[in-house]
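have a look; sequence and predicted model below, questions after that.
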Amino acid sequence: MAGLSNGVKESDMDILLVPIGEVDHKVIETLRFDLSKVFKKKVLMGKEMPRPDDAFNKKRNQYLSTAILKAMMEKKEYGTYGKILGIIDHDLYVPKLNFVFGEASQRVAIISLTRLRYEFYNLPKDQGLFRRRVLTEAVHELGHTYGLKHCGNPHCVMFSSKSLIDTDMKGPAFCERCKKNLPIL
Ligand SMILES: [Zn+2]
Ligand SMILES: [Zn+2]
């Protein structure tokens with residue numbers, strides 16, 4: 001991995017936020033601010049990466065999150081960053097599920113904003129809750145990149161959300177046990 005050979009520990013490296021296609025910059029700027037408090041790391045804003053066409057499933061009108069992660073991993077320009085978090089304003093899926101809020105591998109992760117808005121469910125807009133949900137899903141996926149598995153505590157950010165209700169219940173904080181397993185807090 002880049003940086004490791006010259007004595008830089010992976011855990012010291014920055015987090016890069018990358019808009020995948022068009023994403024409201026205010027949302028990313030707010031997330032950047034919120035994430036830098038949670039992880040106490042430098043969180044940087046990257047250039048927009050176009051949505052990879054081959055990740056799009058026309059029938060489902062969704063992007064295959066795994067395919068976007070792969071495209072992100074192939075980007076050489078991301079080599080100097082510790083973790084890369086993609087943010088997309090379109091629905092995501094993996095083959096066996098109707099949708100996913102996000103997905104992560106060891107170094108790259110992605111979250112979708114689509115289902116974090118009340119408007120998606122024909123409910124009135126709530127900016128405060130939306131901000132908390134974006135942070136929650138971002139912390140969850142980044143938690144995976146730092147090696148954390150799912151947690152059985154429904155109030156821990158590493159709990160696996162099946163719906164927005166789960167996401168709202170867990171919130172962006174790690175439980176004590178997950179905190180202990182996280183190398184960078
Ligand atoms: Zn997860
Ligand atoms: Zn936990």
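Ah, there it is. Numbering: from 1, shown residues only. Ligands and ions are numbered 1, 2, ... in the order given.

can you list the residues of the protein near ligand 2?
Along the chain, the residues adjacent to ligand 2 under the rule C-beta under 5 Å from the ion are 151, 153, 156, 158, 175, 178. Using the backbone N, CA and C atoms, a C-beta is placed for each residue, glycine as well.

quick check: the second one touching residue 159?
Right, residue 153. Yes. Shown here, residue 153 and residue 159 form a contact pair, counting by C-beta atoms under 8 Å, at 6.1 Å.

more crowded one of the two?
More crowded of residue 153 and residue 159, by other C-beta atoms under 10 Å: residue 159, with 21 against 15.

report the contact partners of the nearest residue to residue 119 once chain neighbours are set aside.
Spatial nearest neighbour of residue 119, excluding adjacent residues (C-beta to C-beta, 6 or more residues apart in numbering): residue 125 at 5.8 Å. If you count contacts by C-beta atoms under 8 Å, 6 or more residues apart in numbering, residue 125 has them with 117, 118, 119.

most surrounded residue in these?
residue 117 leads the contacts of residue 125 on contacts (other C-beta under 10 Å) with 18 neighbours.

isn't that one up against residue 130?
Yes. Residue 117 lies in contact with residue 130 (C-beta under 8 Å); the separation is 5.8 Å.

next SSE downstream of the lengthiest helix in the chain?
Assignment by DSSP state H gives helix 127-145 as the longest helix of the chain. On the C-terminal side of helix 127-145, the nearest following helix or strand under DSSP states H and E is helix 164-170.

by contact count, what packs against that next one?
helix 127-145 (3 or more C-beta pairs under 8 Å, 6 or more residues apart in numbering; DSSP states H and E).

got a list of contacts for the helix it packs on?
Counting by C-beta under 8 Å, 6+ apart, 15, 27, 30-31, 34-35, 38-39, 83, 85, 87, 101-111, 113, 116-118, 157-158, 161, 164, 167-168, 170-172, 174, 178, 182 sit against helix 127-145.

extract the C-alpha set from it and format it as CSV.
Output in CSV follows, covering the C-alpha atoms of helix 127-145 (Å, rounded to 0.1, in the frame of the first residue of the first chain):
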residue,chain,number,x,y,z
GLN,A,127,-32.1,18.5,7.2
GLY,A,128,-30.8,17.8,10.7
LEU,A,129,-31.7,14.1,10.5
PHE,A,130,-30.3,13.9,7.0
ARG,A,131,-27.0,15.3,8.2
ARG,A,132,-26.9,12.8,11.1
ARG,A,133,-27.7,9.9,8.7
VAL,A,134,-25.0,10.8,6.2
LEU,A,135,-22.5,10.9,9.1
THR,A,136,-23.8,7.6,10.5
GLU,A,137,-23.5,5.7,7.3
ALA,A,138,-20.1,7.3,6.5
VAL,A,139,-18.7,6.4,9.9
HIS,A,140,-20.1,2.8,9.5
GLU,A,141,-18.4,2.2,6.2
LEU,A,142,-15.2,3.8,7.2
GLY,A,143,-15.3,1.7,10.4
HIS,A,144,-15.3,-1.4,8.1
THR,A,145,-12.2,0.0,6.3
